[in-house]
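Just a sequence and a predicted model for now, questions to come.
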Amino acid sequence: MRKRILTVLCACALLSGLWAQSPWFDDKDLTLTGVYYYPEHWDESQWERDFKKMHELGFEFTHFAEFAWAQLEPEEGKYDFAWLDRAVALAAKYDLKVIMCTSTATPPVWLSRKYPEILIKQEDGTVLDHGARQHASFASPKYRELAYRMIEKLAQHYGNDSRIVGWQLDNEPAVQHDYNPKAEVAFRDYLRRKYNDDIQALNKAWGTAFWSEVYASFDEITLPKTAQMFMNHHQILDYRRFAAGQTNEFLNEQCLLIKKYAKNQWVTTNYIPNYEEGHIGGSPDLDFQSYTRYMVYGDNEGIGRRGYRVGNPLRIALANDFFRPIQGTYGVMELQPGQVNWGSINPQPLPGAVRLWMWSVFAGGSDFICTYRFRQPLYGTEQYHYGIVGTDGVTVTPGGYEYAQFMKEIKELRGKVSAREDKPADYLARRTAILFNHENSWSISRQKQNHTWDTFGHIEKYYRTLKSFGAPVDFIGEDKDLTDYPVVIAPAYQMADQELVNRWMEYVKQGGNLVLTCRTAQKDRYGRLPETSFGAMINELTGNEMEFYDLLLPEEPGKVVMDGKTYTWNTWGEILKPGKDCRVWATYTDEFYEGKPAITTRQLGKGTITYMGVDSTDGTLEKDLLKKLYAQLDIPVMDLPYGVTMEYRNGMGIVLNYGDKPYTFTLPEGAKVLIGETIIPTAGVLVFKSK
Ligand code: GAL
């Protein structure tokens, strides 16, 4: 029966999605590849030579004006776009489209001097200054006014220009923890709106009866201070919502302004994949989300002795799986072409690694890749940053050649492969969603109860397992339809409400398979504990009650046994009291709760609900649990070693080896190799046609 449901599910997904086209990109292009260029850094006599070189190497677009506000508006209200017009025209001569940027990350000096109130103030009182970047406060009305005036001029000028394909807002816009007085005013306004001007409602939400924290008016509220470690965490929760909202609003307002003039150009920005700040995807008018990713910067997150030259095997995959589901497509705005200048150590990437990263971006379903940057700068903060060409402006770097190779490979594949969503049924059958809300980790981080607990590390244990299964994974928010996925995992989903629990229940009853993990649904959306037995919000769903939870010293881990195999844990363990129809899959084998359940599962309606009450030390329990579950559901999984990933798009399988040894891949029946070989070397890529 389950098998039949899965087949139907897969067939529907296949038919509906197969020919889905993004309005901005042509699936037949597979991916477009481009490169940053800062015309203002170079003698104009060199521009043409540089664009010609870009074109010869295979680039199809370039990227302008990211930090050029001082050149675009040299004096307040006086704009100069003539130099940029010449650069756009020359780029077009060499078939290079342009991504235009809003340059708000670098306000000109006249702005900071004439209106110093726009500068960010840190908690210790330090006011940031001109001479670097990202020193202006998104909460400053003056800064927004001047930024919008400049952007509107730029959009009027370029919004109808077919040589410009799209826009990037700001640069790596982050959540600012800014103590500028305007930020405090904006925080109060946010709270007034949220609590309908009712200070008692805020007092209730924040539990201010505790420690005499009660407020008589909104004017008494200030920005929470990180220096006070016991600051009211309900207040911090609202503050973080507000702070993320400031960035989102600033980007969204920029976007709407551009869209007044730009009818056929997309708008995005280039987020750093900081999953926990909560702003990514929060500006609803952006056409899609893009990210920046640097892989080699000194920390050895890779595999083996030279892993630091290749990078973390899932760093790009996770960003793909996080950004793509937000709006169905994504681009990568910055990918390093060689050494960076800002790492703890800045090593050379392993030969092949730059190309490996490009294929990793592509494998996740992206529409474009842009590299940072074309020329190595001769002056300024980033002098030691590699480019596609070196300091002489003409010699192609090793990474530059790897770009050229990738672009050649993509161009050769164009016209030979099928539509984006052409993916094999067994791959689609493994499709899994990880339900994610940054607010859970905000809340947990204030009350970890065990300093060795790591919320994102907990989530990654499931993610890593799914990638070893060769499963397509989507990180999704609560706005998404769960029924698109045969399996949904909600890890450590601490904050919930009845509406969400009802949705989970409905999903399961209708045939979905839900995995909830420890710390889930323990608090309401204000971060308060409901007045019920602890964790009871999901009892009806899981069939369990929780007796209590325990936390252990890392040097004295506890043990859990599942199917005769023992696992260790220490960060969080819930001792469960299962209902009659729950099957116990794992039990604790020591402490005073020896023999009591740690994992339960049960059938509910047409689906299943599995509750994983413990966080294991090394992720092996999570892996074996998912293996057991997928086997029961008849979902076929692979067993790829850590370091090897596999994805499908456009009827092609893409296998990537981040490991320190060659990996031999067994091709599916009837598959034909397009690029590489089935023995994949370190940093190697195998691309095959799936049938
Ligand atoms: C990025 C940033 C770029 C550039 C780059 C250098 O984080 O967005 O502007 O500074 O780092 O690697």
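Received it, and whenever you're ready, just let me know what you need.

What residues does the stretch 301-450 of the chain have near the ligand?
Neighbours of the ligand within the stretch 301-450 of the chain, by CB under 6 Å from any ligand atom: 334, 340, 342, 372, 382, 385. From N, CA and C alone the C-beta is placed, and that goes for glycine too.

Return a PyMOL selection command for the buried portion of these.
To isolate the buried ones among these in PyMOL, judged by 16 or more other CB atoms under 10 Å, type:
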select buried, resi 334+340+372+385
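
With pLDDT as added columns, please give the residues of the stretch 301-450 of the chain next to the ligand in TSV.
Converted to TSV, these look like this (pLDDT from 0 to 100):
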residue	pLDDT
334	98
340	98
342	97
372	98
382	98
385	98
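
Around residue 480, how many other residues sit close by?
16 (other CB atoms under 10 Å).

Excluding chain neighbours, give the residue nearest to it in space.
In this structure, residue 480 finds its nearest non-sequential neighbour in residue 325, 6.9 Å apart by CB to CB, 6 or more residues apart in numbering.

The one you found and the ligand: what is the separation?
Distance from residue 325 to the ligand, counting by CB to the nearest ligand atom, to the nearest Å: 23 Å.

can you tell me the helix or strand for that residue?
For residue 325, the element it lies in under DSSP states H and E is helix 315-327.

by contact count, what packs against that helix?
strand 289-293, strand 330-335, helix 353-363, helix 455-468, strand 473-476 (3 or more CB pairs under 8 Å, 6 or more residues apart in numbering; DSSP states H and E).

which one of the ones you listed lies closest to residue 68?
strand 330-335 (16.5 Å; CB to CB).

Quick check: residue 24 vs the ligand, distance?
22 Å.

just residue 405 next, same as before
Taken as CB to the nearest ligand atom, the span from residue 405 to the ligand is 22 Å.

any idea how far the residue in the stretch 301-450 of the chain positioned nearest to the ligand is from residue 371?
Nearest residue of the stretch 301-450 of the chain to the ligand (CB to the nearest ligand atom) works out as residue 340 at 4.6 Å. With the distance defined as CB to CB, to the nearest Å, residue 340 ends up 12 Å from residue 371.

likewise residue 312?
Taken as CB to CB, the span from residue 312 to residue 371 is 19 Å.

Give me the more crowded residue out of these two.
The neighbour comparison of residue 312 against residue 371 (other CB under 10 Å) goes to residue 371, with 27 against 19.

The more buried one: what's it in contact with?
Neighbouring residues of residue 371 by CB atoms under 8 Å, 6 or more residues apart in numbering: 33, 34, 35, 36, 334, 335, 336, 337, 388, 399, 403.

just residue 258 next, same as before
Residue 258 touches 102, 151, 155, 159, 167, 265, 267, counting by CB under 8 Å, 6+ apart.

which among the residues you listed gets closest to residue 235?
Nearest to residue 235 among those, with distances taken as CB to CB, is residue 102, at 32.7 Å.

Sort out for me which of the residues of the stretch 301-450 of the chain next to the ligand are in helices.
Assigned to helices by DSSP state H, none of these qualify.

so for the biggest helix by length in the chain, what's the average pLDDT?
The longest helix of the chain (DSSP H) is helix 233-259. Average pLDDT, helix 233-259: 98.

What residues of it count as buried?
Buried residues in helix 233-259 (16+ other CB under 10 Å): 233-255, 257-259.

where are the low-confidence patches of the stretch 301-450 of the chain?
Residue ranges of the stretch 301-450 of the chain with pLDDT under 70: none are present.

Quick check: residue 266 touching residue 165?
Yes: if you go by CB atoms under 8 Å, residue 266 and residue 165 touch, sitting 7.1 Å apart.

Looking at the two, which one has more neighbours?
Per other CB under 10 Å, whichever of residue 266 and residue 165 has more neighbours is residue 266, with 24 against 20.

before we move on, back to that, among the residues of the stretch 301-450 of the chain next to the ligand, which are in strands?
residue 334 (DSSP state E).

Rebuild the residues of the stretch 301-450 of the chain next to the ligand as JSON lines, extending it with distance to residue 203.
Shown next, in JSON lines, are those (distance: CB to CB, whole Å):
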{"residue": "334", "distance to residue 203": "45"}
{"residue": "340", "distance to residue 203": "48"}
{"residue": "342", "distance to residue 203": "44"}
{"residue": "372", "distance to residue 203": "48"}
{"residue": "382", "distance to residue 203": "49"}
{"residue": "385", "distance to residue 203": "51"}
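
quick check, nearest of the residues of the stretch 301-450 of the chain next to the ligand to residue 421?
residue 334 (27.1 Å).

Now do the contacts for the closest one.
If you count contacts by CB under 8 Å, 6+ apart, then residue 334 has 36, 270, 292, 293, 294, 370, 371, 372 around it.

Who wins on neighbours among these?
Going by other CB under 10 Å, residue 371 tops those with 27 neighbours.

Show me the beta-bridge partners of that residue.
residue 35 (DSSP bridges).

Residue 565 too?
residue 562.

Which pLDDT value belongs to it?
98.

what does this protein put close to the ligand?
Counting by CB under 6 Å from any ligand atom, the chain sits next to the ligand at 171, 172, 292, 294, 334, 340, 342, 372, 382, 385.

Could you pull up the contacting residues of residue 40?
So residue 40 contacts 68, 71, 83 (CB under 8 Å, 6+ apart).

Would you format the residues you listed as TSV with neighbour count included?
As requested, these are arranged in TSV below (neighbours: other CB atoms under 10 Å):
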residue	neighbour count
68	19
71	17
83	16
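
Filter those residues down to the ones in helices?
71, 83.

And the contacts of residue 40, which is closest to the ligand?
The closest of the contacts of residue 40, once distances to the ligand are taken by CB to the nearest ligand atom, is residue 68, at 12.5 Å.

Could you report the pLDDT at that closest one?
The model's pLDDT for residue 68 equals 98.

again, but for residue 691
77.

before we move on, what about residue 299?
89.

List the contacts of it.
Residue 299 neighbours (CB under 8 Å, 6+ apart): 308, 343, 344.

will you turn the residues you listed into TSV that also has neighbour count?
Compiled in TSV, these are given as follows (neighbours: other CB under 10 Å):
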residue	neighbour count
308	22
343	15
344	7
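
could those residues go into a markdown table alongside distance to residue 539?
Shown next, in a markdown table, are the contacts of residue 299 (distance: CB to CB, whole Å):
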| residue | distance to residue 539 |
| --- | --- |
| 308 | 47 |
| 343 | 48 |
| 344 | 47 |
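
low pLDDT regions in the chain?
1-21.

again, 50 this time
Scanning the chain for pLDDT under 50 picks out the ranges 1-20.

Next up, phi/psi of residue 434, please.
phi -110, psi 120 (degrees, to the nearest 10).

still on that earlier bit, the helices and strands packed on helix 315-327 into TSV, with extra columns for distance to residue 626?
TSV is the format used below for these (distance: least, CB to CB, whole Å):
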stretch	distance to residue 626
strand 289-293	26
strand 330-335	26
helix 353-363	22
helix 455-468	5
strand 473-476	12
